[in-house]
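**Q** Quick one, fold the following:
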Amino acid sequence: MPRPVDSDQRLADIADATVRVARENGAQAVTVRSVARALGGSTTLVTNYLPTRSALIMNALDRARDRWKTEREGAARNADSTPLEAMLDAVLTSNADDPALRTLILEIVADATLDPQLRDRMRRESEDFQVELADAATRSGHRNPQLVADILYLALRGSIIASAEDPALWGEARLRSILLEAVDALPHDGPSPKTHRPSR
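**A** Below is the predicted model:
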């Protein structure tokens, strides 16, 4: 009798293999075949769960999105800075997999132009992130939180491209400094966040 398969664990394993292939060989190298090879099995090991390359990449990004959200929530609870600064700090703090995941975001954005369902899904996730930014801006005392959210959303999305083009130039420390200075320049009530920002 065959052993039951833990579908969630299998999807997690596929996500890990997807990121590993992207990290070692670049996002363009991510295919059903290359991920199956990284898992040490046949392509059906992947296609039984994720039938297309886009589904493969979205599986990895879905798991990363959940981790990133948990990290942002943890940063907000434990921060000595404003909620918005804590959120930006979490967004701009990477682990070893995050650069590869950002290149996968660029891949899926390109695919979404041809796939209406994928495009709608990405739009919903983008809207959710903008709501999160606006909420953090509101709780940080910004007078126009939606404008703050719009500016930061565009800047953060642009940083994905910039850091992929030249990671040495657009490192985390520089991006963090630029975005926090931009936040400081926007109208807000109360003392400047600079007055309680820890030095780096």
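
**Q** Give me the nearest residue to residue 72, chain neighbours excluded.
**A** Of all residues not flanking residue 72 in the chain, residue 90 sits nearest, at 4.5 Å (CB to CB, 6 or more residues apart in numbering). C-beta here means a position set from N, CA and C on the backbone, and glycine is covered the same way.

**Q** check contacts around the one you found.
**A** Taking CB atoms under 8 Å, 6 or more residues apart in numbering as the criterion, residue 90 is in contact with 68, 71, 72, 74, 75, 76.

**Q** Helices of the chain, start to end?
**A** Here the chain has its helices, by DSSP state H, at 7-25, 32-39, 44-47, 53-78, 83-91, 98-112, 116-139, 145-165, 172-185.

**Q** Need these in a markdown table (columns: mean pLDDT).
**A** Listed next are the helices of the chain as a markdown table, based on pLDDT from 0 to 100:
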| stretch | mean pLDDT |
| --- | --- |
| helix 7-25 | 96 |
| helix 32-39 | 97 |
| helix 44-47 | 95 |
| helix 53-78 | 92 |
| helix 83-91 | 92 |
| helix 98-112 | 91 |
| helix 116-139 | 92 |
| helix 145-165 | 93 |
| helix 172-185 | 90 |
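
**Q** which one of those is the most hemmed in?
**A** Mean neighbours per residue, mean count of other CB atoms under 10 Å, is largest over those for helix 83-91, with a mean of 23.

**Q** ok, residue 49 to residue 58 distance?
**A** Residue 49 sits 12 Å away from residue 58, going by CB to CB, to the nearest Å.

**Q** Could you find the closest non-adjacent residue to the residue nearest in space to the middle of the chain?
**A** Centre of the chain computed as the mean C-alpha position; nearest residue by CA atoms, centre = their mean is residue 65, 5.7 Å away. Once flanking residues are discounted, residue 65 sits nearest to residue 125: 7.0 Å by CB to CB, 6+ apart.

**Q** was I right about that neighbour contacting residue 62?
**A** No. Counting by CB atoms under 8 Å, no contact exists between residue 125 and residue 62, whose distance comes to 9.2 Å.

**Q** List the contacts of residue 30.
**A** By CB under 8 Å, 6+ apart, the neighbours of residue 30 are 18, 21, 22, 53, 56, 57, 104, 107.

**Q** any residues touching stretch 108-125, and which ones?
**A** Contacts of stretch 108-125 (CB under 8 Å, 6+ apart): 53, 54, 57, 58, 61, 65.
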